[in-house]
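**Q** Give me a model of this one.
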Amino acid sequence: MSGKTDTRAKVYEILKDFSTAMFVTRDSDGRPGARPMHVARVDEEAGQVWFLTGESGALIEEIRKEATVLLTFQKDNSAYLSLRGLAQIEHEMARIKELWKEPYKVWFPNGPEDAEIALVAVVLLDAEYWDNRGRNKLEYLFKAATAYVKGDKPAMGDAEQHAKTSL
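**A** Got it, this is the predicted structure:
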């Protein structure tokens, strides 16, 4: 990205590298709980991330009680992404078929027509990222080493590496 970083575009640039999210909800006692979920689709235009899940699972129950959720992503020690959004449950058969991938048959043996399938669309509200990939990694290592030698903390104010943004 040249010039000033477009933080929204940066979020989606980082997001495209992930296939799995830690999907965080709150249980009936208000305690956060997380589970890994395969990302079925990222719809940048609509600002949504889609998942398939089981209708009778805890995820659906927790979303019905509290729709605000958190999605977290991590790639090695180089890219981190946190997305907050509102989860919506859907059962539209056409969309299930559109998002269906054969590996889902492990969880839904009856295929896309499995009555247990529920769709979850997370409408994204805001994001925070830390990007130490490529050139950013070299810059981070330099800042970290300089700070270490000086006995300081590294200054990480560059939006190429870290930012919070509304989506």
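
**Q** State whether residue 86 is indeed within a strand.
**A** Yes: under the criterion used here (DSSP: H, G, I helix; E, B strand; the rest coil), residue 86 sits inside a strand.

**Q** Contact partners for the residue nearest the centre of the chain?
**A** In the chain, the C-alpha closest to the average C-alpha coordinate belongs to residue 71, at a distance of 4.1 Å (Cα atoms, centre = their mean). Contact analysis of residue 71 by Cβ atoms under 8 Å, 6 or more residues apart in numbering lists 21, 22, 23, 24, 49, 81, 82, 83, 84, 85, 122. For the C-beta atoms, the positions are set from N, CA and C on the backbone; glycine is no exception.

**Q** mind redoing it with 6 Å?
**A** With contacts defined as Cβ atoms under 6 Å, 6 or more residues apart in numbering, residue 71 is in contact with 21, 23, 83.

**Q** ranges for the helices of the chain?
**A** Taking DSSP state H, the helices of the chain run over residues 7-15, 58-65, 93-99, 134-150.

**Q** mean confidence for the first one?
**A** In this model, helix 7-15 carries a mean pLDDT of 94.

**Q** list the helices and strands it packs on?
**A** Here helix 7-15 is seen to pack against strand 117-131, strand 162-166 when contacts are counted using 3 or more Cβ pairs under 6 Å, 6 or more residues apart in numbering; DSSP states H and E.

**Q** For residue 9, find the nearest of these.
**A** Checking these against residue 9 by Cβ to Cβ gives strand 162-166 as the closest, at 9.8 Å.

**Q** coming back round to it: least reliable of the helices of the chain by average pLDDT, please.
**A** Ranked by mean pLDDT, these end with helix 134-150 at the bottom, a mean of 57.

**Q** do you know how far residue 33 is from residue 62?
**A** Applying Cβ to Cβ, to the nearest Å, one obtains 7 Å for the distance of residue 33 from residue 62.

**Q** Among these two, which residue is more densely surrounded?
**A** Regarding residue 33 and residue 62, a neighbour count based on other Cβ atoms under 10 Å identifies residue 62 as having more, with 20 against 13.

**Q** Could you find the closest non-adjacent residue to the more buried one?
**A** Excluding its sequence neighbours, the residue lying closest to residue 62 (Cβ to Cβ, 6 or more residues apart in numbering) is residue 25, at 3.9 Å.

**Q** before we move on, the earlier item: can you list the helices and strands packed on helix 7-15 in CSV and add distance to residue 38, mean pLDDT and mean neighbour count?
**A** Shown next, in CSV, are the helices and strands packed on helix 7-15 (distance: least, Cβ to Cβ, whole Å; pLDDT from 0 to 100; neighbours: other Cβ atoms under 10 Å):
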stretch, distance to residue 38, mean pLDDT, mean neighbour count
strand 117-131, 11, 97, 20
strand 162-166, 25, 88, 14
